[in-house]
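1. Build the 3D model from these lines:
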Amino acid sequence: MRIRRRKHIEERFHNVRGALISAPDEMPGRWRSLTNPPSRRLCLEIGCGMGGFLNKLTVREQDSLFVGVERNRDVLIRAMEKLLGLPNVRFISADAKGLSSWFSPGEIDALYLNFPDPWPHWKHASRRLTHCSFLTRYRSIMCVGGALHFKTDNAGLFRFTLSEMENCGFHILRADNALAEAVDNIPTEYETRYRERGQSIYYIHAECKGAF
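-> Predicted coordinates:
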């Protein structure tokens with residue numbers, strides 16, 4: 001059964017691999033040229049899951065190029081299958097620690113962090129994707145004034161992220177501890193599930209002040 005399942009996964013990956021960028025050293029500074037005409041903005045979602053959020057975002061901003069980052073190969077394949085054929089989305093299989101090898105300094109216009117693992121124990125704080133060590137990496141590839149959008153259902157992670165962003169070179173434009181289901185809000189799969197349970201959604205919109 002394992003061999004059959006692995007073969008099935010490999011076949012699915014082969015069918016969608018055109019959407020996957022696999023050579024990081026060739027990409028810094030060249031992302032916008034992947035679309036015709038070249039994209040006006042370059043946007044990144046870290047931990048894109050099965051691609052539901054990106055699917056809606058690519059329709060809204062057709063003049064932007066969106067890059068989905070996902071480490072889980074099975075999940076990544078499902079995301080690529082969902083968005084197969086869309087001209088303004090690409091994927092990379094990468095760790096957030098290594099993003100500087102994929103993008104040039106100041107290249108990213110917007111970055112999305114939707115419902116990352118909260119790592120609730122204080123001993124694991126450095127693993128949180130909004131720890132200052134990660135925020136510093138994001139700043140190195142974001143343009144001055146670039147937008148960082150963050151969502152979580154975890155109040156502790158929300159407070160932690162606010163503090164880290166303020167201390168690591170981001171200007172908080174909006175901090176909402178009860179994000180409404182507004183027309184301009186694009187819900188993720190997790191967000192829809194949490195709302196159905198009556199859970200609050202926490203949201204931060206921050207602006208990058210520039211690299212250190």
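
2. show me what contacts Tyr138?
-> Residues near Tyr138 by CB atoms under 8 Å, 6 or more residues apart in numbering: 99, 108, 111, 148, 208. To be clear about C-beta, it is placed using only N, CA and C from the backbone, and glycine gets the same treatment.

3. Okay, and it sits in which element?
-> helix 132-141 (DSSP states H and E).

4. What are the buried residues along that helix?
-> 132-135, 137-141 (16 or more other CB atoms under 10 Å).

5. and which of these is nearest to Phe91?
-> Set against Phe91, the nearest of those by CB to CB is Ile141 (16.9 Å).

6. Is that closest one in contact with Ser104, as I believe?
-> Yes - between Ile141 and Ser104 there is a contact at 7.1 Å, judged by CB atoms under 8 Å.

7. in this structure, what spans have low per-residue confidence?
-> By pLDDT under 70, the weakly predicted segments of the chain are 1-7, 183, 211-212.

8. Please name every helix or strand in contact with the helix or strand following the helix holding Tyr138.
-> Proceeding N to C from helix 132-141, the next assigned helix or strand is strand 142-152, under DSSP H and E. Applying 3 or more CB pairs under 8 Å, 6 or more residues apart in numbering; DSSP states H and E, one finds that strand 142-152 contacts strand 108-114, helix 155-167, strand 202-208.

9. Need the contact partners of strand 142-152.
-> Here strand 142-152 makes contact (CB under 8 Å, 6+ apart) with 106-116, 118, 130, 138, 158, 161, 165, 170, 179, 188, 191, 201-211.

10. Now which of the residues you listed would you call buried?
-> 106-116, 118, 130, 138, 158, 161, 165, 170, 179, 188, 191, 201-204, 206-208, 211.

11. What sits closest to the residue minimising distance to the centre of the chain if chain neighbours are left out?
-> In the chain, the residue lying closest to the centroid (CA atoms, centre = their mean) is Glu45, at 1.6 Å. Excluding its sequence neighbours, the residue lying closest to Glu45 (CB to CB, 6 or more residues apart in numbering) is Tyr112, at 4.3 Å.

12. Quick check: beta-bridge partners of the one you found?
-> Glu45, His149 (DSSP bridges).

13. Now do the strands in this structure.
-> 41-46, 64-69, 89-92, 108-114, 142-152, 170-176, 202-208 (DSSP state E).

14. Compare those strands and give me the one nearest Pro24.
-> strand 89-92 (7.3 Å).

15. Would you pull up how far the closest one lies from the middle of the chain?
-> 11 Å (CA atoms, centre = their mean, to the nearest Å).

16. Kindly format the C-alpha coordinates of it as CSV.
-> Output of strand 89-92 as CSV, limited to C-alpha atoms (Å, rounded to 0.1, in the frame of the first residue of the first chain):
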residue,chain,number,x,y,z
VAL,A,89,1.0,32.1,-8.8
ARG,A,90,4.1,30.0,-8.2
PHE,A,91,5.2,27.7,-5.3
ILE,A,92,8.4,26.9,-3.5
